[in-house]
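1. Fold the stuff below for me.
(chains A and B)
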Amino acid sequence: MSIENNEYPYYYSMGDCAIVAQFENIISIEVSRKIQSFLHMIKKHDIQGITELLPAYNNLTIVYNPMLIKYDELIMELKKIEKDISDDIQVESKTVHLPVAFGGEYGLDIDEIAERADLTSAEVIKMLHSKSYYVYMIGFIAGYPYCGNIDEKLRFKRRSNPRMSVKKGTVQIADKQVGIFTMDAPSGWHLVGWTPMEVFNPHHLPPGLLNAGDYVKLEPVSADFVQSWDEERQKEWNREWNM
Amino acid sequence: MEYVTILKPGLLTTVQDLGRRDYRIYGVSISGVMDPLSFRLGNILVGNNENAAAIEVTMMGPTLKFESKTAFSITGGDLSPKLNGNRIDMWKVIFVEAGDELSFGKHVSGCRSYIAIAGGINVPEVMGSRSTFTRGNYGGYKGRALKRDDKLNVNIPDFDINQLQGRRLRAKDIPVFDKERPIRFTAGPHTDRFEEKSVELFSTSTYRLSNASDRMGYRLDGEQLTHKEGADIISDFIAPGTIQVPGNGFPIIHMADCGTSGGYTKIGVIITSDLPYVAQKKPGDTINFQVCDIQEAQNEFRKIEKTIYDIELNNKLLIRN
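-> Take a look at the predicted model:
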């Protein structure tokens, strides 16, 4: 279905080498699909001077070389193709299954979330792994997947006092979002679990397991399971789940 | 393969090139040199490809020993480079014999110098770049800043280094890292999220780089800016040069090692041509912003690229092996 809409996208500059195509200012899969659709159309049209296309939750940043195309010219080119933007596009997308140990030392905030949501910890964990999450964007410092949407009952603002260091592999939630830490870093999100599976490796090509538009499914496993994780287990897991 | 030995590491000495641009789609920090202008000019002088890996020196320079005859240049901020204890000129090609020692002295101007050696530093590429990303422990030399006794491999140049004899940059092409030089930015995208008075204050008052400034970002002290309705946005793209204002009202300039996304309102983006001048500021230095429109920013961009292109043509090597 083609979307009749005069308001979106609208364009603005982000410095002298980037234009942002802004869509509805909400976190929704429909908006994300429109962004993916625009991204693929721009790729297909092969506009001179564009060097990168970077999708976020509600906009697409188009990085270009001003030696090759000027701001006004690029906007004209983009306007020519925007009418075909659709939220019903067929793009290549996959579901990645991640083994996750929830709660306890692996998910320090599960009990607090349960209390605030007036649920048991087991119910919170069940809610977290009972559906697949859409990958809206990849960002932060090193391949952090911003995914969602988590169950409405589990949505809480970020912690007012961020933790100084959270371990690589930690699965965390904030508002609608769920993400997996790809390196040790400070975090203000709520920690719910931990995966031994490497979501990002700078020495692999591509370095990340997930791309915007993919889905991720958290599969509950035991603490013993994640502790005994090694290359062999990873291969087995991928054969069973991710082929 | 030739190499140099690090005798003293200096404050923060890393291997860098122009960074990992093609990997931002994977959420990878671009990293790379803080001052691409000085870095590119340094490489051109010594006959290298513009993106050849060089050494970025910060404030207090290292001491290093050349283990074979070669040629190098020092560009960027003036940190009093010396060869075997004698002050040497910057922005020109210097020849060395095996055993010669390069050291640095007191700070004169800027914040970062670049040591470009003919042939370029040879470290493995990680995600298309030889840049060190210390936060992620990857790239450059073992993913970290250089330490004493490290031995850095240098590629053997594919040309006769005698062709570099007498090369220096013309005075008019040498960037001047004057602290008073205003820093231009294009406004927005979130100008309307700030009180009008704050937008005005931002470009008329003087800011100062705080001590909490590093390769990832510069935190600024000065006039506190006020948001109309909060500082948060739904996370989206940021890049070196982006000026974000978090809830506390104090601007942060994102620099080379910044992430690829952020969740705070952006009051402006520093124009590409002025970013090297920001990179050459050190904690305690002042910064005055000046708003500029996109046309002016892009004219400036093209002007500088044209100048670099001309310098490159003037310094073209006639013979490569």
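2. Name the helix or strand for B:K65, please.
-> Here B:K65 sits within strand B:63-66, counting by DSSP states H and E.
3. Same question for the residue of chain B positioned farthest from its centre, what's its three-state structure.
-> Going by CA atoms, centre = their mean, the residue of chain B most distant from its centre is B:E229, 35.0 Å out. Using DSSP: H, G, I helix; E, B strand; the rest coil, the structure places B:E229 in coil.
4. any idea how far it lies from B:E195?
-> According to CB to CB, to the nearest Å, B:E229 and B:E195 sit 11 Å apart. Heads up, the C-betas are built off the backbone N, CA and C, glycines and all.
5. ok, the closest residue to B:R184 other than its chain neighbours - how many residues close by?
-> Once flanking residues are discounted, B:R184 sits nearest to B:C292: 4.2 Å by CB to CB, 6 or more residues apart in numbering or on different chains. Counted with other CB atoms under 10 Å in any protein chain shown, the neighbours of B:C292 add up to 23.
6. got any ranges where the stretch 1-150 of chain B has weak pLDDT?
-> For the stretch 1-150 of chain B, applying pLDDT under 70 flags the ranges B:1.
7. which residues in it form helices?
-> Secondary structure of the stretch 1-150 of chain B by DSSP state H, counting those that start in this stretch: the helices cover B:36-45.
8. which bits of it sit near chain A?
-> Residues of the stretch 1-150 of chain B found near chain A (CB under 8 Å from any CB of the partner chain) are B:21-29, B:126-127, B:135-136, B:138-139.
9. Quick check: the gap between A:F140 and chain B.
-> Distance, A:F140 to chain B, by CB to the nearest CB, to the nearest Å: 5 Å.
10. Isn't that residue up against B:T260?
-> Yes - between A:F140 and B:T260 there is a contact at 7.1 Å, judged by CB atoms under 8 Å.
11. Comparing the two, which shows the higher neighbour count?
-> A direct count of neighbours by other CB under 10 Å for A:F140 and B:T260 places B:T260 higher, at 29 against 24.
12. distance between the helix or strand of chain A with the lowest mean pLDDT and the chain's centre?
-> Sorting the helices and strands of chain A by mean pLDDT, DSSP states H and E puts strand A:185-187 at the bottom, at a mean of 84. From the chain centre to the centre of strand A:185-187 is a distance of 17 Å (CA atoms, centre = their mean, to the nearest Å).
13. Tell me which residues are up against it.
-> Strand A:185-187 is contacted by residues A:140-141, A:162-166, A:170, A:172, A:181 when judged by CB atoms under 8 Å, 6 or more residues apart in numbering or on different chains.
14. Out of these, which one has the weakest pLDDT?
-> For the contacts of strand A:185-187, the weakest pLDDT value sits at A:P162, with 79.
15. which residues touch the residue in the stretch 1-150 of chain B positioned nearest to chain A?
-> Closest residue of the stretch 1-150 of chain B to chain A, CB to the nearest CB: B:G27 (3.8 Å). The neighbourhood of B:G27, defined by CB under 8 Å, 6+ apart, consists of A:137-145, A:200, A:208, B:259-261.
16. Can you tell me how far it is from A:K80?
-> 30 Å.
17. can you check A:Y133 too?
-> From A:Y133 to A:K80 the distance is 35 Å (CB to CB).
18. who has more neighbours, those two?
-> Ranked by neighbour count (other CB under 10 Å), A:Y133 and A:K80 place A:Y133 first, with 22 against 11.
19. Helix, strand, or coil at the more buried one?
-> Under three-state DSSP, A:Y133 comes out as strand.
20. how deep is B:A297 tucked in, by neighbour count?
-> 25.
21. Do I have it right that it meets B:T186?
-> Yes - B:A297 is within contact range of B:T186, at 5.5 Å (criterion: CB under 8 Å).
22. shared neighbours of the two, which are they?
-> A:15-16, B:271.
23. out of those residues, which is most surrounded?
-> Highest neighbour count within these: A:D16, with 28 neighbours (other CB under 10 Å).
24. In chain A, mark out all the strands, start to finish.
-> Here chain A has its strands, by DSSP state E, at A:10-13, A:18-22, A:50-55, A:59-64, A:95-102, A:132-139, A:144-148, A:163-166, A:170-174, A:177-180, A:185-187, A:190-194, A:215-220.
25. For the contacts of strand A:185-187, could you give me TSV that also reports distance to B:S80?
-> Listed next are the contacts of strand A:185-187 as TSV, based on distance: CB to CB, whole Å:
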residue	distance to B:S80
A:F140	38
A:I141	34
A:P162	41
A:R163	42
A:M164	37
A:S165	38
A:V166	42
A:T170	46
A:Q172	47
A:F181	42
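26. buried subset of the residues you listed?
-> A:140-141, A:163, A:166, A:170, A:172, A:181 (16 or more other CB atoms under 10 Å in any protein chain shown).
27. Pick the one among those residues closest to B:A279.
-> A:I141 (19.1 Å; CB to CB).
28. what about the longest helix in chain A?
-> helix A:29-45 (DSSP state H).
29. now it and strand A:144-148, what's the angle there?
-> With axes from the mean of the first three to the mean of the last three CA atoms, to 10 degrees defining the directions, helix A:29-45 sits at 130 degrees from strand A:144-148.
30. average pLDDT for helix A:29-45?
-> The model assigns helix A:29-45 a mean pLDDT of 93.
31. Say whether chain B is contacted by it.
-> No - Helix A:29-45 stays out of contact with chain B when judged by CB under 8 Å from any CB, the minimum separation being 9.9 Å.
32. counting contacts, what elements does that helix pack onto?
-> The helices and strands touching helix A:29-45, judged by 3 or more CB pairs under 8 Å, 6 or more residues apart in numbering or on different chains; DSSP states H and E, are strand A:50-55, strand A:59-64, helix A:71-81, strand A:132-139.
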